[in-house]
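Enquirer: Predicted model, plus sequence, below.
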Amino acid sequence: MSPRYHSGASQAGRVVAIVADVMALILGLWILMYLLDANRANDFVRFVHDVARWLAGWSHDLFTFDEEWARVVTGYGLAAVVYLFVGHAVAGRLHRR
């Protein structure tokens, strides 16, 4: 394996890990904003919510707790954990190439 190929795989792994981290950060930021009752009329809060909702579309309202805060934390939190786990697993696999 050439050193150039190996460094390319390492770079790709780094990019995948960074993307997974950013996705989880956005989801975590929305959870924090929700729990702190951020102003939803604010453009930044609205942007973070829209992106987080898109990222967690598959896990949104997956759980049916009575309290809305518990649904937000578990639904968005599950998506963040999955993105971190899968993203870093893929990054590690690419790094070993």
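Expert: Nice, thanks for sending it over. Because the structure is predicted, anything quoted here is derived from the model rather than measured.
Enquirer: CA atoms for contacts and neighbours, from now on please.
Expert: Will do.
Enquirer: which stretches of this protein form helices?
Expert: Under the criterion DSSP state H, the chain contains helices at 3-35, 43-55, 68-96.
Enquirer: Tell me which of those helices approaches D61 most closely.
Expert: Among those, the nearest to D61 by C-alpha to C-alpha is helix 68-96 (6.1 Å).
Enquirer: From one end of stretch 36-48 to the other, what's the distance?
Expert: 14 Å (C-alpha to C-alpha, to the nearest Å).
Enquirer: can you list contacts of that stretch?
Expert: I26, L29, W30, M33 (C-alpha atoms under 8 Å, 6 or more residues apart in numbering).
Enquirer: Same check on stretch 76-85?
Expert: Residues from elsewhere that reach stretch 76-85 (C-alpha under 8 Å, 6+ apart): 17, 20-21, 23-25, 27-28, 31, 52-53, 55-56, 59-60.
Enquirer: Quick check: the gap between R46 and Y34.
Expert: From R46 across to Y34, the span is 11 Å (C-alpha to C-alpha).
Enquirer: which residue sits closest to the residue sitting nearest the centre point of the chain in space, ignoring its chain neighbours?
Expert: By C-alpha atoms, centre = their mean, the chain has its centre lying nearest to A24, at 2.4 Å. Using C-alpha to C-alpha, 6 or more residues apart in numbering and skipping residues adjacent in sequence, the residue nearest A24 is A80, 4.4 Å away.
Enquirer: That neighbour: neighbour count?
Expert: For A80, the neighbour count with other C-alpha atoms under 10 Å is 24.
Enquirer: In terms of pLDDT, where does it sit?
Expert: Looking at A80, its pLDDT reads 97.
Enquirer: Equivalent analysis for the one 10 residues further on, please.
Expert: Per-residue pLDDT puts V90 at 93.
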